[in-house]
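[1] requesting a structural model of the entry that follows:
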Amino acid sequence: MHHTLEAAAVDVGQADSSTRKAGLASLGGVLAALGAASCCVVPFALFTLGISGAWISNLTALEPYQPIFASVTFGFLGYGFYLVNRKRRVDCAEGSYCAKPSSGRIAKIGLWTATILIAIALGFPKIAPLFL
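    Next comes the predicted model:
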(Lines give C-alpha, C1' and ligand atoms only; values in the text may rest on other atoms or scores of the structure.)
Protein backbone atom coordinates (compact mmCIF):
# COMPACT_ATOMS: atom_id res chain seq x y z
CA MET A 1 0.00 0.00 0.00
CA HIS A 2 2.83 2.37 0.86
CA HIS A 3 4.45 1.80 -2.54
CA THR A 4 1.27 2.73 -4.41
CA LEU A 5 1.07 6.05 -2.55
CA GLU A 6 4.66 6.83 -3.46
CA ALA A 7 4.00 5.87 -7.09
CA ALA A 8 0.90 8.09 -7.14
CA ALA A 9 2.91 10.99 -5.70
CA VAL A 10 5.58 10.54 -8.39
CA ASP A 11 2.92 10.35 -11.11
CA VAL A 12 1.25 13.56 -9.88
CA GLY A 13 4.65 15.25 -9.83
CA GLN A 14 5.19 14.23 -13.44
CA ALA A 15 1.75 15.59 -14.43
CA ASP A 16 2.48 18.89 -12.62
CA SER A 17 5.84 19.03 -14.40
CA SER A 18 4.14 18.54 -17.75
CA THR A 19 1.72 21.39 -17.04
CA ARG A 20 4.60 23.66 -16.01
CA LYS A 21 6.55 22.73 -19.14
CA ALA A 22 3.51 23.58 -21.28
CA GLY A 23 3.26 26.95 -19.54
CA LEU A 24 6.94 27.66 -20.11
CA ALA A 25 6.62 26.59 -23.76
CA SER A 26 3.71 29.00 -24.22
CA LEU A 27 5.70 31.82 -22.60
CA GLY A 28 8.69 31.05 -24.82
CA GLY A 29 6.42 30.98 -27.86
CA VAL A 30 4.93 34.37 -27.03
CA LEU A 31 8.37 35.92 -26.48
CA ALA A 32 9.77 34.44 -29.70
CA ALA A 33 6.68 35.59 -31.61
CA LEU A 34 7.17 39.10 -30.25
CA GLY A 35 10.76 38.89 -31.45
CA ALA A 36 9.55 37.91 -34.89
CA ALA A 37 7.03 40.76 -34.89
CA SER A 38 9.50 43.36 -33.63
CA CYS A 39 10.95 44.09 -37.04
CA CYS A 40 7.74 44.87 -38.88
CA VAL A 41 4.55 44.85 -36.82
CA VAL A 42 5.77 46.71 -33.73
CA PRO A 43 7.12 49.76 -35.64
CA PHE A 44 3.89 49.92 -37.66
CA ALA A 45 1.76 49.68 -34.51
CA LEU A 46 3.81 52.40 -32.77
CA PHE A 47 3.59 54.63 -35.85
CA THR A 48 -0.18 54.07 -36.01
CA LEU A 49 -0.50 55.10 -32.36
CA GLY A 50 1.36 58.32 -33.13
CA ILE A 51 4.58 57.30 -31.45
CA SER A 52 7.56 58.20 -33.56
CA GLY A 53 11.23 58.68 -33.26
CA ALA A 54 14.50 57.69 -34.82
CA TRP A 55 14.81 54.76 -32.40
CA ILE A 56 11.89 52.99 -34.10
CA SER A 57 14.04 52.48 -37.18
CA ASN A 58 16.40 50.46 -34.99
CA LEU A 59 13.67 47.83 -34.65
CA THR A 60 13.79 47.17 -38.39
CA ALA A 61 17.39 46.05 -37.95
CA LEU A 62 15.96 42.82 -36.50
CA GLU A 63 14.38 41.85 -39.84
CA PRO A 64 17.18 39.44 -40.86
CA TYR A 65 16.55 37.51 -37.63
CA GLN A 66 12.81 37.05 -38.24
CA PRO A 67 13.20 33.49 -39.65
CA ILE A 68 15.18 32.49 -36.56
CA PHE A 69 12.53 33.91 -34.23
CA ALA A 70 9.82 32.20 -36.30
CA SER A 71 11.61 28.85 -36.11
CA VAL A 72 12.01 29.14 -32.36
CA THR A 73 8.35 30.10 -32.05
CA PHE A 74 7.23 27.07 -34.07
CA GLY A 75 9.42 24.84 -31.89
CA PHE A 76 7.88 26.20 -28.69
CA LEU A 77 4.39 26.01 -30.15
CA GLY A 78 4.80 22.43 -31.30
CA TYR A 79 6.19 21.29 -27.97
CA GLY A 80 3.61 23.27 -25.98
CA PHE A 81 0.63 22.02 -27.99
CA TYR A 82 1.98 18.47 -27.67
CA LEU A 83 2.20 18.79 -23.89
CA VAL A 84 -1.22 20.40 -23.52
CA ASN A 85 -3.15 18.15 -25.87
CA ARG A 86 -1.60 14.76 -25.28
CA LYS A 87 -3.68 12.35 -23.32
CA ARG A 88 -2.80 12.17 -19.69
CA ARG A 89 -1.32 8.82 -18.80
CA VAL A 90 -1.79 9.62 -15.15
CA ASP A 91 -4.88 10.87 -13.37
CA CYS A 92 -4.15 13.86 -11.20
CA ALA A 93 -4.70 13.59 -7.48
CA GLU A 94 -7.58 15.56 -6.03
CA GLY A 95 -6.48 19.08 -5.16
CA SER A 96 -3.17 18.99 -7.07
CA TYR A 97 -2.12 21.72 -9.47
CA CYS A 98 -2.65 19.61 -12.57
CA ALA A 99 -6.21 18.77 -11.46
CA LYS A 100 -7.21 22.42 -11.76
CA PRO A 101 -8.68 23.26 -15.18
CA SER A 102 -7.07 26.70 -15.07
CA SER A 103 -3.57 25.20 -15.08
CA GLY A 104 -3.93 23.93 -18.66
CA ARG A 105 -6.18 26.79 -19.73
CA ILE A 106 -3.50 29.41 -19.07
CA ALA A 107 -0.99 27.44 -21.16
CA LYS A 108 -3.53 27.10 -23.99
CA ILE A 109 -4.25 30.84 -23.95
CA GLY A 110 -0.52 31.55 -24.16
CA LEU A 111 -0.05 29.07 -27.00
CA TRP A 112 -2.93 30.48 -29.03
CA THR A 113 -1.70 34.03 -28.37
CA ALA A 114 1.74 33.07 -29.69
CA THR A 115 0.09 31.40 -32.71
CA ILE A 116 -1.84 34.57 -33.55
CA LEU A 117 1.24 36.76 -33.04
CA ILE A 118 3.42 34.64 -35.32
CA ALA A 119 0.68 34.55 -37.98
CA ILE A 120 0.51 38.34 -37.87
CA ALA A 121 4.30 38.68 -37.90
CA LEU A 122 4.73 36.40 -40.91
CA GLY A 123 1.67 37.65 -42.81
CA PHE A 124 2.19 41.35 -42.15
CA PRO A 125 4.67 42.00 -44.98
CA LYS A 126 2.11 40.64 -47.44
CA ILE A 127 -0.81 42.73 -46.19
CA ALA A 128 1.07 45.92 -45.17
CA PRO A 129 0.70 47.51 -48.63
CA LEU A 130 -3.07 47.44 -48.12
CA PHE A 131 -2.73 49.76 -45.13
CA LEU A 132 -0.27 52.21 -46.65
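
[2] low-scoring stretches of this protein, by residue?
    Low-confidence segments of the chain (pLDDT under 70): 1-16, 87-103, 131-132.

[3] show me where it has strands.
    Counting by DSSP state E, the chain forms no strands at all.

[4] what ranges do the helices span in it?
    Taking DSSP state H, the helices of the chain run over residues 2-37, 41-48, 56-59, 66-85, 101-131.

[5] need these in TSV with mean neighbour count, can you?
    Heads up, the C-betas are built off the backbone N, CA and C, glycines and all. What follows is the helices of the chain, written out as TSV (neighbours: other Cβ atoms under 10 Å):
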stretch	mean neighbour count
helix 2-37	18
helix 41-48	15
helix 56-59	13
helix 66-85	18
helix 101-131	15
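
[6] what sits closest to residue 120 if chain neighbours are left out?
    For residue 120, ignoring the flanking residues on the chain, the nearest one in space by Cβ to Cβ, 6 or more residues apart in numbering is residue 41 at 5.8 Å.
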